[in-house]
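# model the following, please.
(2 chains)
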Amino acid sequence: MSFRNFRRATFLIAQKDLKIEFRRPHEILSILTFSVGSILIASLALRGNGSAIPEIVAAVLWIIIFFINILIFTTAFTREADRGTIGGLKTLPCSPIAILAGKIMYGTALIFLAICVLIPCSLLFLNFQMGGNFLNLIFICILGAVGFSFAGSFVSGLVMFSEGKTLLLSLLLIPVCMPVILLSVITTGKIIRGASLYSIIPELRLFFAFLLFMTAIMVVTFTFVLEE
Amino acid sequence: MSSPAKHSRTIEVIDVSKRYGDMYALKSVSLEIEKGECVALLGSNGAGKTTLLKIIATHIVPTAGRVNILGEDIFKNNGSIRRTIGLVTHDSYLYDELTIRENLQFYAQFFVGNGEEIRFDRIEFLGLKRWYNVPVKQLSYGLRKRADIGRALLHSPDVILLDEPFAGLDVATCDLLVEYFKKLKEDGKTLMLSSHSTEWIKKVYNREVVLKKGKIVGEKDRNEF
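Numbers count the residues shown, from 1 in each chain, chains lettered A, B, ... in the order given. Presented below is the predicted three-dimensional model:
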């Protein structure tokens, strides 16, 4: 399969999933309600302490994003398996990795949508001073969303044919996402404190190493995941 | 991929077994199907019909044995082999939230080049046109099944695998399908249909293969009846 066809297949699958997601607005609304609700609760918990500590703000943000990740990927492959449409994807003349990449793209888009609501809400309710460049914060958020999507899609694919998949997904996502959570919290804290992208290069290196590692595992194993 | 003209045997199933734990869903099944032939897989529930169809469609990897389509091992290059296969199973592969047109477009786009037109006229006989813009979740079982058959035929595959294609359809649609399957045979397409009853299937097939507990227990050409 040429790279052009791979890219096209990935895009078509992501486009189809997003279209379906927006036809089921209650699921997106529940994700957004959860985001805003969590920020409000955190704001109540942190009130009266003046300006919030950047590391605490970062931790709050990424814990919320982690749970959003669980909400999104509970349905990514599981819904395909439950409805039988995974069989339809298997009839397609494309690599299983393209199917997985489509799910990653779809997950990243949804997480980023949630982040677009979370960041303004955090600025409004968590009372933190944005010392650094706002674009750097967005960059870290996109990287985090990609990392979560890599982990979420893969684990969602792994558990789709198993009993108790929802529980398994939540349990497995904690260790698999841990590197993303730690790196995202550390870098977001530093960015909010005013650090430049140059000063977080060691963390970024680790982050890309994680993505490479996940990619290698996916390429080697995902074909077998789709097999019955 | 090998040229279809070179291989009169479109499908070769060679000593295929599929085991789930201790249970054999298929045991040493061998079968050859010629180009333009229509084979009916008959047998009661659990005989292994669906498993065999799914193995040929590259959905299930057999525990042992090999399957060739147009002379090529299907598990060595399943990406290109899938272009030659159209599969309809018990499960609908259509997405409830999308309309029939969106579903068909989604699947067909993988089989056509960028910018190439999708040939909806190929499935016009299914009479789905007035339902194209209706979400699949609002369709009756029969219409959904027709749309699913359309999905499998839209890319004009050489090998058409249909699991219980007549189940749940009204008489008029079954008649339509029978006529269309006959036309496909004339066009040189190879068909494999599974069923636990022969009511409709007998109007199309050239050969019947009877499966029981994962083994072929009978095989007859139509002329022998």
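# now do the helix or strand where residue A:15 lies: distance to the chain's middle.
Taking DSSP states H and E as the criterion, residue A:15 maps to helix A:3-23. The gap between where helix A:3-23 is centred and where its chain is centred comes out at 17 Å by C-alpha atoms, centre = their mean, to the nearest Å.
# so is that helix next to chain B?
Yes - in this structure, helix A:3-23 sits against chain B according to C-beta under 8 Å from any C-beta of the partner chain; the contacting residues are A:8, A:9, A:12, A:16, A:19, A:20, A:23. (C-beta placed from N, C-alpha, C; glycine too.)
# could you pull up the residues touching the second one?
I take that to be residue A:9. Contact partners of residue A:9, counting by C-beta atoms under 8 Å, 6 or more residues apart in numbering or on different chains, are A:1, A:92, A:94, A:95, A:98, A:99, A:102, B:110.
# one more pass at 10 Å, please.
Remark: with contacts taken as C-beta atoms under 10 Å, 6 or more residues apart in numbering or on different chains, residue A:9 is in contact with A:1, A:89, A:92-95, A:97-99, A:101-102, B:79, B:109-110.
# ok, which pair from the residues you listed is furthest apart?
The widest separation within the contacts of residue A:9, taken as C-beta to C-beta, falls between A:97 and B:109 and amounts to 18.2 Å.
# which residue is nearest the middle of chain B?
Nearest residue to the geometric centre of chain B (C-alpha atoms, centre = their mean): residue B:161, 1.2 Å.
# that residue: helix or strand, and which one exactly?
strand B:159-163.
# gap between that strand and the chain center?
Averaging C-alpha coordinates over strand B:159-163 and over its chain gives two centres that are 1 Å apart (C-alpha atoms, centre = their mean).
# burial of residue 37, as a residue count?
Chain wasn't specified; assuming chain A. Burial measure for residue A:37: 12 neighbouring residues, criterion other C-beta atoms under 10 Å in any protein chain shown.
# other chain: chain B
Using other C-beta under 10 Å, residue B:37 is surrounded by 21 other residues.
# from residue B:219, how far off is it?
13 Å (C-beta to C-beta, to the nearest Å).
# restricted to buried residues, select the contacts of residue A:9 in ChimeraX.
Only the buried members of those enter the following ChimeraX selection, criterion being 16 or more other C-beta atoms under 10 Å in any protein chain shown:
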select /A:89,92,93,94,95,97,98,99,101,102 /B:79,109,110
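# all the helices of the chain, in order from the start?
Looking at chain A here, since you left the chain open. If DSSP state H is used as the criterion, the helices of chain A fall at A:3-23, A:25-46, A:54-76, A:78-83, A:86-90, A:96-125, A:134-159, A:165-192, A:201-226.
# looking at chain B here, not the other one
In chain order, chain B shows helices spanning B:49-56, B:78-81, B:100-109, B:141-153, B:171-186, with DSSP H as the criterion.
# give me whichever of those helices is most buried.
For the helices of chain B, average neighbour numbers computed from mean count of other C-beta atoms under 10 Å in any protein chain shown are highest in helix B:49-56, which has a mean of 24.
# is any residue of it near chain A?
Yes - Helix B:49-56 comes into contact with chain A when judged by C-beta under 10 Å from any C-beta of the partner chain, the residues involved being B:51, B:54, B:55.
# chain B contacts on chain A?
Where proximity means C-beta under 10 Å from any C-beta, the interface of chain A facing chain B comprises A:1, A:4-5, A:8-9, A:11-13, A:15-17, A:19-24, A:79-80, A:83-96, A:98, A:223-224, A:226-228.
# just the buried subset of these, please.
A:5, A:8-9, A:12-13, A:15-17, A:20-21, A:23, A:79-80, A:83, A:85-96, A:98, A:226.
# distance of residue B:179 from residue B:172?
Distance of residue B:179 to residue B:172, computed by C-beta to C-beta: 11 Å.
# re the thing from before, for the strand holding residue B:161, packing partners?
Using 3 or more C-beta pairs under 10 Å, 6 or more residues apart in numbering or on different chains; DSSP states H and E as the contact test, the elements touching strand B:159-163 are strand B:9-20, strand B:38-42, helix B:49-56, strand B:85-88, helix B:141-153, helix B:171-186, strand B:190-195.
# at 6 Å instead, please
If you count contacts as 3 or more C-beta pairs under 6 Å, 6 or more residues apart in numbering or on different chains; DSSP states H and E, strand B:159-163 packs onto helix B:49-56, strand B:85-88, strand B:190-195.
# please enumerate residues in contact with stretch A:74-90?
Contacts with stretch A:74-90, where a contact means C-beta atoms under 6 Å, 6 or more residues apart in numbering or on different chains, come from A:99, A:103, A:156, A:157, A:160, A:161, A:165, A:166, A:169, B:59, B:91, B:93.
# next, count neighbours for the fifth one.
Burial of residue A:160, expressed as a neighbour count using other C-beta under 10 Å, amounts to 20.
# let's see the pLDDT reported for it.
Listed pLDDT for residue A:160 reads 89.
# tell me the phi and psi of it?
Backbone geometry at residue A:160, expressed as degrees, to the nearest 10, gives phi -60, psi -30.
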